[in-house]
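Engineer: My questions are about this predicted structure, shown below with the sequence.
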Amino acid sequence: MEANTVISIRGLKKAFGNLQVLKGVDLDVYHGENLVVLGRSGSGKSVLIKIIAGLLTPDAGSVSVLGRDITRLDTKELQTLRTRIGFSFQNSALYDGMNVRANLEFPLVRNKRHLSHSQIDAAIAKVLDDVGLSQTLYQMPSELSGGQRKRIGIARTLILQPEIMLYDEPTAGLDPVTSVEINDLINEVQERYHTSSVIITHDLTCAKATGDRLVMLSEGQFLRQGSFEEVFDTDDPRVKNFYNYNFIAGS
Amino acid sequence: MNFGRFFLRVYAIWQFIRRFFREVFLPPYEYKEIINQFFQVGIRSLSIITLTGFITGVVFTKQSRSSLSEFGAASWLPSLIAIALIRALAPLVTALIIAGKVGSNIGAELGSMKVTEQIDAMEVSSTNPFKFLVASRILATTAIVPVLAIYMGFVGLMGAYLNVHHNEQTSFTSFFQSAFMKITFLDVWVLLLKSAVYGFTIGVAGCFNGYNADQGTVGVGRAANTAVVVSMFLIFIEEMIIVQLVNYFKHGG
């Protein structure tokens, strides 16, 4: 693992029953970069970041995150490592029974027990300000729009000041204007928090706006990687089709 | 469900219970959530337990009076009601009500959290969701059902007293003296013990089905439904076993 590599994956395999979702994936994520993993629905993108976050166990291969092989960590070590990783879920996964403040407070009071009330208040105010939703402090998740829920979901991960951000379909289900706002927010997070990010998406606009480097996943294997232009400068019909269908859907 | 899947499920439940006992005694303790669950299970069930207990006492008294009167034994009413309530009705009816009200709620709540990835979100924010969500709920149902059963027994006796007082002009003191004449400490201990077993069953059934829900909203509905059906079924089985065991120890077989 190179010095500036924050995530290193080798020979990763994962199957659900007879369905082989990942078929020996190799991937490096470098410090400070936004890496976009592109692919159609069912290509194994979400499975990939759930394995990186330790939510799923791989069948074979190694996954090293911030220098620790997550497949060999015990529960306590994994919990400690997770405080350095932020995960933004596709449907935000805000806790329905808690208001915005309680959602943001939840990871903080459990992982930084030494903080005073005023420090907690300050941390909550800062992340809410960073995602531009200071006015929603006492609103319930059900009172928020889809875009606001995404932002609060991101704020909840930022409150622990993670070194790595994992975004699962950050623009899924959002209108084009809100999608652009979320793309901008992802870039702002990278700048302000100096995070390295893995962004899982099938949205080419999101990929182009946020990705420093792209890899394309198809049928459990990486097809191509490079800049946006490099990835799509090919005659491979799988890549061409993905680009064309995305373009048609987007237009 | 074939036998293979049935035994796999039984094994999964066994592992779930083992995990509960492993995690419930280990720090950090989720005090706030445990107290919150005590409130959710206990205080929010008080009104329905009060109503049901009172009606049970009144109806059981009214139904029993005619039979006892035929043998000139109407004066045994307080004892009969007390025995029926403390030994069987209060713990059983309380557990069935809590299974319907709280068990389904736990199944649906955890199921919904599972399918909307809220449990995963807890896990990636370095919180142990099992300890926070499951251990606190099972603890709450195990501790609160005995308290509610005692309360229902008392309310049921109050209902019975009002009916007896109305019909036979029995005083409060003589009613309760007569009622408790046949009740032993063993009866009260057994009530507490079996209510705790029922509460544990309700908590495990609700949490297991909710925590392992899948297939979206259909899975949430199924989790809530299964939690109620399984816990009610098990409560009756447990009642039968406990009665046999108590009789065995009391009378030597």
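Structural biologist: Yes, it's here.
Engineer: Check which helix or strand residue 152 maps to.
Structural biologist: You didn't say which chain, so I picked chain A. Assigned by DSSP states H and E, residue A:152 falls within helix A:146-158.
Engineer: hm, I was asking about chain B
Structural biologist: Element membership for residue B:152 (DSSP H and E) is helix B:136-168.
Engineer: what is the rounded mean pLDDT of that helix?
Structural biologist: Across helix B:136-168, the average pLDDT comes to 96.
Engineer: What's the first helix or strand after that helix?
Structural biologist: Sequence order places helix B:172-181 as the next helix or strand after helix B:136-168, per DSSP H and E.
Engineer: Contact partners for residue A:168?
Structural biologist: Residues near residue A:168 by Cβ atoms under 8 Å, 6 or more residues apart in numbering or on different chains: A:45, A:46, A:49, A:87, A:88, A:89, A:90, A:200. Bear in mind the C-beta positions are built from the backbone N, C-alpha and C, glycine included.
Engineer: That one pairs with what?
Structural biologist: residue A:200 (DSSP bridges).
Engineer: And it, how far from residue A:46?
Structural biologist: Residue A:168 sits at a distance of 6 Å from residue A:46 (criterion: Cβ to Cβ, to the nearest Å).
Engineer: Close to chain A: what parts of the stretch 101-250 of chain B are there?
Structural biologist: B:109, B:112-113, B:116-118, B:120-128 (Cβ under 8 Å from any Cβ of the partner chain).
Engineer: go again using 7 Å as the cut-off
Structural biologist: When proximity is defined as Cβ under 7 Å from any Cβ of the partner chain, the stretch 101-250 of chain B approaches chain A at B:116, B:117, B:118, B:120, B:121, B:123, B:124, B:125, B:126, B:127.
Engineer: what would those residues look like in CSV with distance to residue A:215, neighbour count and secondary structure?
Structural biologist: Shown next, in CSV, are these (distance: Cβ to Cβ, whole Å; neighbours: other Cβ atoms under 10 Å in any protein chain shown; DSSP: H, G, I helix; E, B strand; the rest coil):
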residue, distance to residue A:215, neighbour count, secondary structure
B:116, 28, 20, coil
B:117, 24, 20, coil
B:118, 29, 25, helix
B:120, 23, 19, helix
B:121, 25, 27, helix
B:123, 26, 20, helix
B:124, 22, 26, helix
B:125, 27, 25, coil
B:126, 28, 19, coil
B:127, 31, 22, coil
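Engineer: from the residues you listed, which two are the most distant?
Structural biologist: Pairwise distances across these (Cβ to Cβ) peak at 19.6 Å, for the pair B:116 and B:126.
Engineer: Residue nearest the middle of chain B, spatially speaking?
Structural biologist: For chain B, the residue nearest the mean C-alpha position is residue B:95 (2.6 Å; Cα atoms, centre = their mean).
Engineer: give me every residue that touches it.
Structural biologist: Residues in contact with residue B:95, defined by Cβ atoms under 7 Å, 6 or more residues apart in numbering or on different chains, are B:145, B:195, B:198, B:202, B:235.
Engineer: Repeat that for residue A:106.
Structural biologist: A:95, A:98, B:125.
Engineer: Of those residues, which is the nearest to residue B:173?
Structural biologist: Of all those, residue A:98 has the smallest distance to residue B:173: 50.7 Å, by Cβ to Cβ.
Engineer: so is the nearest residue to that closest one once chain neighbours are set aside in a helix, a strand, or just coil?
Structural biologist: The shortest distance from residue A:98 to any non-neighbouring residue, by Cβ to Cβ, 6 or more residues apart in numbering or on different chains, is to residue A:106 (6.8 Å). Secondary structure for residue A:106, judged by DSSP: H, G, I helix; E, B strand; the rest coil, is helix.
Engineer: Perfect, that will be all.
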